[in-house]
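heads up, no residue letters with this:
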């Protein structure tokens, strides 16, 4: 019988009791998520879409088919169960949806039954084991099972993960008679090397030293002659295109493992190297919508081609970039990582899932129709994008250095244990209400268990202007890109009213679009949806020279659930007219062509 998660009351909200690791990290997290509940507004709407129109429509028979009838229909079919369990576990932790729990329980029961006696949990015939994506799929198997175990305490899931890992540990290594891990997968060892992440997790969940020993072997293998040489190349060049074959998704996946290893051991070499990679990506290889990759790889600095033919913005890259920033936020508590999460969430992540259907695009171009697909058990990104959306409750806010810190401005309720000035500890409940991102005002109700003095942080976004927080008759002013700290004695039920302007920005097209501009409002990049505007796909739309946005929500089709749109002026085939622009994340949901980059001849 599958164990049921334990719901406990925390400040009036139901939260899960988690079954966590037994080995503590040497480096404690500076950011600890508050696990927001009852998220409303825009992010709540998209969380509901992800649950109702994607996750709850998953057919376990399709995902399990490659295990029941080896070999699978395609070489990486084995990754999808683990990815689903990650998404579903995170989503259940937020939603407590019994339907999702039942779907997970049944899938896990059947998945465990597919494991071979020697621990093998892949989809290849025995003669083809440990080629192509076999180790990679085992990575996601362990990740999925550990996430499921963390919310249920169901020990057979943990034991299944251990048996799979034990087989890998006994197969690969640099000892006599063992296989080299690097040739056992794609992309110069980046794919098989990414199993570092769940191996660190498994050591922390079991305290079994063989998993830690295997982590150290992986790090040695990544630097050997046939490996991608991640650390040495980053230390030498600070350039991600010099690592392996520059494959973005797999490289970022290795970074996640290295950051977990750093937290476990405190070996700072790994942190410094991946921070250099982060800086390189942000400065040279990041789209304005918070994604990366051209034909799935990192390319030359500033080259950010954005059409469907460019295969840009792979969904798996967007999600793993978000995870990378979350890991760095946890380690450092620095607001710059939250800013990148915000950019990705409000733009490229949500753009990759159609809110009407729950279908997902593998690549989500800024120009042209979004190529949404609805298949299961085939495309890696159709399983990855829901993982990113499932992480949203963990990135809205929590504690940074034990101070409650608001990072994203959304509706929701969060409970956390905080430290007060007199060195005591108490429960704090924070409720927020807002129409963001349509409007720049948020009301927070602050309810400590009793009257007490303590600080609270509010992130001041770089895109904002005139950021103010008012409480108890006093107004505090924020500085862009920093945290506004309010230190005072709080009475239960007090309100903090945060307000900020969201200036419209006109962004230059850079190397790839020198004669075009994009429009951004607040965190959201806007786009022209030609279907909404009744514009023929071949029509030439030219930027009018200045932007004045006015509300156009009434112009949206009735089937669009989120009503956010703006009128502005542009020339269509040389004739000035009023057009509608919408958030890029919402554009193209009715299959029309879209354009983020708008022609602006010099």
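Sure thing, it's come through. All of these numbers come straight from a predicted model, not from anything done at the bench. Numbering: from 1, shown residues only.

low-confidence ranges, this protein, go.
Within the chain, the segments meeting pLDDT under 70 span 1-15.

does residue 320 touch residue 256 like I think?
Yes: counting by Cβ atoms under 8 Å, residue 320 does reach residue 256; the two are 7.0 Å apart. For the C-beta atoms, the positions are set from N, CA and C on the backbone; glycine is no exception.

those two: which has the busier surroundings?
residue 320 (25 against 21; other Cβ atoms under 10 Å).

can you list the buried residues in the helix or strand the more buried one falls within?
Using DSSP states H and E, residue 320 maps to helix 315-332. Residues of helix 315-332 classed as buried: 315-332 (neighbour count, 16 or more other Cβ atoms under 10 Å).

just how off-centre is stretch 180-200 within its chain?
Distance, stretch centre to chain centre, for stretch 180-200: 21 Å (Cα atoms, centre = their mean, to the nearest Å).

i'd like the first residue to be 16 from this point on
Sure, I'll start numbering at 16, so the last one becomes stretch 195-215.

what is the end-to-end distance of it?
With Cα to Cα, to the nearest Å as the measure, stretch 195-215 spans 19 Å from end to end.

buried residues in that stretch?
So for stretch 195-215, counting by 16+ other Cβ under 10 Å, buried means 196-197, 199-215.

can you tell me the SS state at the nearest residue to residue 215 once chain neighbours are set aside?
Excluding the flanking residues, the one nearest residue 215 by Cβ to Cβ, 6 or more residues apart in numbering is residue 275, at 4.1 Å. With DSSP: H, G, I helix; E, B strand; the rest coil as the basis, residue 275 sits in helix.

how close does residue 275 sit to residue 341?
Distance, residue 275 to residue 341, by Cβ to Cβ, to the nearest Å: 12 Å.

what of residue 305?
Applying Cβ to Cβ to residue 305 and residue 341 gives a distance of 13 Å.

do residue 329 as well
In this view, residue 329 and residue 341 are 18 Å apart by Cβ to Cβ.

quick revisit: now, the buried residues of stretch 195-215 that are in helices?
Using DSSP state H, the members of these that fall in helices are 205, 206, 207, 208, 211, 212, 213, 214, 215.

format those residues as a markdown table; extra columns: distance to residue 367.
Shown next, in a markdown table, are these (distance: Cβ to Cβ, whole Å):
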| residue | distance to residue 367 |
| --- | --- |
| 205 | 22 |
| 206 | 22 |
| 207 | 26 |
| 208 | 26 |
| 211 | 26 |
| 212 | 22 |
| 213 | 24 |
| 214 | 29 |
| 215 | 28 |
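
which of these sits closest to residue 427?
residue 212 (28.3 Å; Cβ to Cβ).

and the closest one, what does it touch?
154, 158, 268, 271, 272, 275 (Cβ atoms under 8 Å, 6 or more residues apart in numbering).

kindly recompute the last result at 10 Å.
Going by Cβ atoms under 10 Å, 6 or more residues apart in numbering, residue 212 touches 154, 157-158, 230, 233, 268-276, 338, 342.

name only those of those that count as buried.
Neighbour counting by 16+ other Cβ under 10 Å classes 154, 157-158, 230, 233, 268-276, 338, 342 among those as buried.

and of the residues you listed, the nearest to residue 583?
Nearest to residue 583 among the buried ones among the contacts of residue 212, counting by Cβ to Cβ, is residue 338 at 34.9 Å.

so the closest one sits against residue 268, correct?
Yes: counting by Cβ atoms under 10 Å, residue 268 is a contact partner of residue 338 at 8.6 Å.

what about the helices in the stretch 16-165 of the chain?
56-68, 75-83, 94-110, 113-128, 149-167 (DSSP state H, counting those that start in this stretch).

dump those to TSV, plus distance to residue 243.
Listed next are the helices of the stretch 16-165 of the chain as TSV, based on distance: least, Cβ to Cβ, whole Å:
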stretch	distance to residue 243
helix 56-68	33
helix 75-83	27
helix 94-110	20
helix 113-128	30
helix 149-167	14
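
out of the ones you listed, nearest to residue 377?
Shortest distance between residue 377 and these, using Cβ to Cβ, is found for helix 94-110: 13.9 Å.

quick check: buried residues in the closest one?
Counting neighbours by 16+ other Cβ under 10 Å, one finds that the buried residues in helix 94-110 are 94-110.

how far is that helix from where the chain is centred?
Relative to its parent chain, helix 94-110 has a centroid offset of 13 Å by Cα atoms, centre = their mean.

okay, the angle between that helix and helix 113-128?
Counting by axes from the mean of the first three to the mean of the last three Cα atoms, to 10 degrees, helix 94-110 lies at 150 degrees to helix 113-128.

how big is the angle separating helix 94-110 from helix 149-167?
Going by the same axes, to 10 degrees, helix 94-110 makes 20 degrees with helix 149-167.

output the contacting helices and strands for helix 94-110.
Counting by 3 or more Cβ pairs under 10 Å, 6 or more residues apart in numbering; DSSP states H and E, the packing neighbours recorded for helix 94-110 are strand 28-31, helix 56-68, helix 75-83, helix 113-128, helix 149-167, helix 330-347, helix 395-405, helix 407-410.

any chance of the ones you listed in a markdown table, plus distance to residue 441?
Formatted as a markdown table, the helices and strands packed on helix 94-110 follow (distance: least, Cβ to Cβ, whole Å):
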| stretch | distance to residue 441 |
| --- | --- |
| strand 28-31 | 16 |
| helix 56-68 | 28 |
| helix 75-83 | 43 |
| helix 113-128 | 31 |
| helix 149-167 | 26 |
| helix 330-347 | 23 |
| helix 395-405 | 30 |
| helix 407-410 | 23 |
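
thinking again about what came up before, quick check: the residue nearest to residue 215 vs residue 40, distance?
Using Cβ to Cβ, residue 275 is found at 8 Å from residue 40.

again with residue 573
In terms of Cβ to Cβ, residue 573 sits 50 Å off from residue 40.

quick one, which of the two is more surrounded?
Between residue 573 and residue 40, residue 40 has the larger neighbour count (other Cβ under 10 Å), namely 17 against 6.

which of the residues in stretch 318-330 are buried?
319, 320, 321, 323, 325, 326, 327, 328, 329, 330.

so which of those comes closest to residue 264?
Nearest to residue 264 among those, with distances taken as Cβ to Cβ, is residue 329, at 6.2 Å.

quick one: the closest one and residue 395 touch, right?
Yes: with contacts counted by Cβ under 10 Å, residue 329 reaches residue 395, the gap being 8.5 Å.

now do the shared contacts for these two.
Residues touching both residue 329 and residue 395 (Cβ under 10 Å, 6+ apart): 264, 377.

name the residues of stretch 227-237 that are buried.
Buried, per 16+ other Cβ under 10 Å, within stretch 227-237: 227, 229, 230, 232, 233, 234, 236, 237.

identify the residues contacting residue 313.
By Cβ under 10 Å, 6+ apart, the neighbours of residue 313 are 254-258, 260-263, 266-267, 292, 295-296, 299-300, 307, 332.

now do the phi/psi pair for it.
Dihedral pair for residue 313: phi -80, psi 130, per degrees, to the nearest 10.

report the separation between it and residue 261.
The gap separating residue 313 from residue 261 is 5 Å, by Cβ to Cβ.

find the residues that touch each one of these two.
In contact with both residue 313 and residue 261: 254, 255, 300, using Cβ under 10 Å, 6+ apart.

out of everything not next to it in sequence, what's closest to the second one?
Think residue 255. Excluding its sequence neighbours, the residue lying closest to residue 255 (Cβ to Cβ, 6+ apart) is residue 313, at 4.7 Å.
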